[in-house]
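any chance you can model this:
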Amino acid sequence: MKRLCLLVIGCLFATFSYANNILPIGKAHPHLILQKGDMAKIRTLVGSDSVALRLHNEIAYIANRAMQQPVNERIQTGKRILGVSRSVLERVTSLSYMYLYTGDVKFAERAEKEMLAAASFTDWNPSHYLDTGEMTAALALGYDWLYDQLSEASRTTIADAIAEKGLRAAELSDYWWYRGANNWNSVCHAGIVMGSIIIADRYPELAKFHFAKSTKSNHLAPPSYGPDGVYPEGYSYWDYGTWFQVLMIETLRSSGLDTQGLEKYPGFLESARFMDYMQSFDQRVYNFSDDGVASNISNPLLYWFAAETNDMSLLWNDRIITSSSKRLHIYSRRLLPLAMIFMTRCDLTKVAPSENRCWSGHGEQPIFICRDENFYLGTKGGSPSLPHAHMDTGSFVYEWAGQRWATELGSQGYHPLEAAGVDLWNMKQSSQRWEVFRLSLDSHNTLMVNGKRLKVDGSAPMLATYKEPDYSGAKFDLSSLYFDLERAVRTLIVDSKGKLTITDEMTAGASDCRVRWTICTPATPRVLSRTEIELEQGGKKMLLRVVSPTKGIEPFVLPNTPRRSFDTDNRGTLRVGFYTNIPHEKSQTLRVELLPVLD
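Sure thing, here's the model as predicted:
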């Protein structure tokens, strides 16, 4: 803690001194992240590395497709034009990259048209400033990378739009993200800083003001990765927020400015390992919180972290994914050209697998993950009060023999819920958010007591981890999350043969407690007895059984059909598990196994 406080104080002092500094003016273009000689290195890499070639071809596909499409229009969906901003960013970066790679001016001319069209929008939707931040980043990168190809009139139009619709739009309200620590902070401030540096020669005072304000505020974001690298919002929001946090750092570096220690916060660099372990070796993601069901996710941003830490093992699993013949999923394709720059900094001859089967991290959202060729266990503590959280504290996912037996249903689209009038972003105890089935306690692989929600203001720390040759796991204290339990401690242990044991130590309070122990599964269940349920899928079987107590246990199989008009379909999944009863002020230890059934 002392180290963190000293780092924050030092970084804020550096930030305050920036207010009086003159931003770089007259620096040769391009200089925003892309440096002289980078394209030559990329050409060499594409010619020698199959993964680089595949990513390059992905960029070429995006750029050539954009050549056949009309420019984006300002089309608002609900409260957002974020999809438009992201499309502009994807097209501008890909087209600019292809111009610099091939020298073919058609790509530059098409990117110029895209930027001028965006510059002509009435605004960039500053009330939802993520939209504005991404659009500002798009035009800043395009302005810089294509500077020599743009006419002076186009440069003026683009710079004016960055100033008026990007930076000055940040003055229209006392925006909450100036005080926030989640992905909004990273995205909004990276866009503002990139825009500030690009227009500093035309709008020096405006640029200096917003540069100083945004670099100061951005120091609130990196501590959320601490202490060990867990990103509380999950894997897709790590991808989103961290990409822009890296853009902030790289923008400062490439402009000859101090990074102010943004990359040195405890947990920030370590978060790449968190992201590495968020996929099993069967390439399915651990999708806690507002993350969707997904597989074969490539994370090219890991190349930046590998270069930064000189740890090429971070790339092992990702390069397997990218090298496979399966369809590739890249969340931040719009930033893929920058990943090509970062890839040139890596010694790809040293890529090797990590020596560790397990990874864990403490913090607001403590996580434990263990994976090998046969199984994958991901489990968490944390709180429903965190950004994008579900009522999934104590939940877990589990894979064995290439099948996911305990799964998360994943996120549900924001706009349809908002359009249905759901008060989605209200995180209070009585919020309608917790009525959405996928977000509610009802759908997650944890305990429900007397049919009540978890306490939103409760939190589950990770008490212990176990990383032994024959078994691995973690223990969480869930006590503060239940209204009617005085004590709730959950321990999950997986042995080397894939048997998962979940032990729940519970003490009832003043009320009798009816406890529902649940997993959500895509498997086909068959109730064998009061204490045993057989699960079957993909030609494999597992036995879900209660080891103790053996009396008073009631098995169940429940459908996941939508309960309300705004709930989405969950076909192909069911909830299975057991009920047990605990008299008031009594204790019970419930031990349940997921046991592989071997031929």
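
so which elements touch the helix or strand containing residue 236?
Under DSSP states H and E, the secondary-structure element containing residue 236 is helix 235-254. Packing partners of helix 235-254 (3 or more Cβ pairs under 8 Å, 6 or more residues apart in numbering; DSSP states H and E): helix 129-145, helix 183-199, helix 204-218, helix 271-276. Where you see a C-beta, it was placed from the backbone N, CA and C, and this is true even at glycine.

let's see 6 Å
helix 183-199 (3 or more Cβ pairs under 6 Å, 6 or more residues apart in numbering; DSSP states H and E).

what are the contacting residues of the helix it packs on?
With contacts defined as Cβ atoms under 6 Å, 6 or more residues apart in numbering, helix 183-199 is touched by 23, 129-130, 133, 136-137, 140, 143-144, 159, 162-163, 166-167, 177, 207, 210-211, 214, 217-218, 220-221, 237, 240-241, 244-245, 247-248, 251, 255.

apply 7 Å and report the result again.
23-24, 32, 129-130, 132-134, 136-137, 140, 143-144, 159, 162-163, 166-167, 170, 177, 207, 210-211, 214-215, 217-218, 220-221, 233, 237, 240-241, 244-245, 247-248, 251, 255 (Cβ atoms under 7 Å, 6 or more residues apart in numbering).

filter these to the buried ones?
Neighbour-count burial (16 or more other Cβ atoms under 10 Å) applied to those gives 23, 32, 129-130, 132-134, 136-137, 140, 143-144, 159, 162-163, 166-167, 170, 177, 207, 210-211, 214-215, 217-218, 220-221, 233, 237, 240-241, 244-245, 247-248, 251, 255.

the helix holding residue 236 vs helix 183-199, what angle?
If you take axes from the mean of the first three to the mean of the last three Cα atoms, to 10 degrees, helix 235-254 sits at 30 degrees to helix 183-199.

now helix 235-254 and helix 129-145, what's the angle there?
Using the same axes, to 10 degrees: helix 235-254 against helix 129-145 is 40 degrees.

OK, contacts around residue 308?
Contacts of residue 308 by Cβ under 7 Å, 6+ apart are 263, 269.

tell me how far it lies from residue 271.
Look at residue 308 and residue 271: by Cβ to Cβ, to the nearest Å, they are 11 Å apart.

now residue 320
Distance, residue 320 to residue 271, by Cβ to Cβ: 21 Å.

higher neighbour count, the two?
residue 271 (23 against 15; other Cβ atoms under 10 Å).

pretty sure the more buried one sits against residue 233.
No. Assessed by Cβ atoms under 7 Å, residue 271 is found out of contact with residue 233, at 11.4 Å.

list residues touching both of those two?
By Cβ under 7 Å, 6+ apart, residue 271 and residue 233 have no common neighbours.

residue ranges with poor pLDDT in the stretch 51-200 of the chain?
In the prediction, the stretch 51-200 of the chain carries no residues with pLDDT under 70.

what about the closest residue to residue 290 other than its chain neighbours, how many neighbours?
Of all residues not flanking residue 290 in the chain, residue 388 sits nearest, at 3.8 Å (Cβ to Cβ, 6 or more residues apart in numbering). The number of residues packed near residue 388 is 19, by other Cβ under 10 Å.

show the pLDDT at residue 388.
You'll see residue 388 listed with a pLDDT of 95.

what do you get for residue 297?
Looking at residue 297, the pLDDT reads 88.

same question for residue 17.
The model's pLDDT for residue 17 equals 39.

do residue 328 as well
For residue 328, pLDDT reads 81.

which residues touch it?
With Cβ under 7 Å, 6+ apart, residue 328 has these contacts: 296, 298, 322.

which of the residues you listed has the most neighbours?
Neighbour counts for the contacts of residue 328 (other Cβ under 10 Å) peak at residue 298, which has 28 neighbours.

quick check: phi and psi at it.
phi -90, psi 140 (degrees, to the nearest 10).

how far does the helix holding residue 236 sit from its chain's centre?
Put simply, helix 235-254 sits 12 Å off its chain's centre (Cα atoms, centre = their mean, to the nearest Å).

equivalent analysis for stretch 379-391, please.
14 Å.

so who does the residue nearest to residue 290 touch?
Contacts of residue 388 (Cβ under 7 Å, 6+ apart): 233, 234, 237, 289, 290.

same thing with residue 347?
residue 312.

how near is it to residue 63?
Distance from residue 347 to residue 63, by Cβ to Cβ: 29 Å.

and residue 346, by the same measure?
Distance from residue 346 to residue 63, by Cβ to Cβ: 24 Å.

equivalent analysis for residue 278, please.
30 Å.

same check on residue 41?
For residue 41 relative to residue 63 (Cβ to Cβ), the value is 20 Å.

which of these two has more residues huddled nearby?
Neighbours per residue (other Cβ under 10 Å) separate residue 41 from residue 63, with residue 63 holding more: 26 against 15.

pretty sure the more buried one sits against residue 93.
No. Between residue 63 and residue 93 there is no contact under Cβ under 7 Å: 9.2 Å.

chain center to stretch 422-438, what's the gap?
Distance, centroid of stretch 422-438 to centroid of chain: 21 Å (Cα atoms, centre = their mean).

what of stretch 592-599?
For stretch 592-599, the distance to the chain centre is 32 Å (Cα atoms, centre = their mean).

can you list the buried residues in it?
Quick answer for stretch 592-599 (16+ other Cβ under 10 Å): 592, 593, 594, 595, 596.

quick check: the third one is in a strand.
Yes. Secondary structure of residue 594 (DSSP: H, G, I helix; E, B strand; the rest coil): part of a strand.
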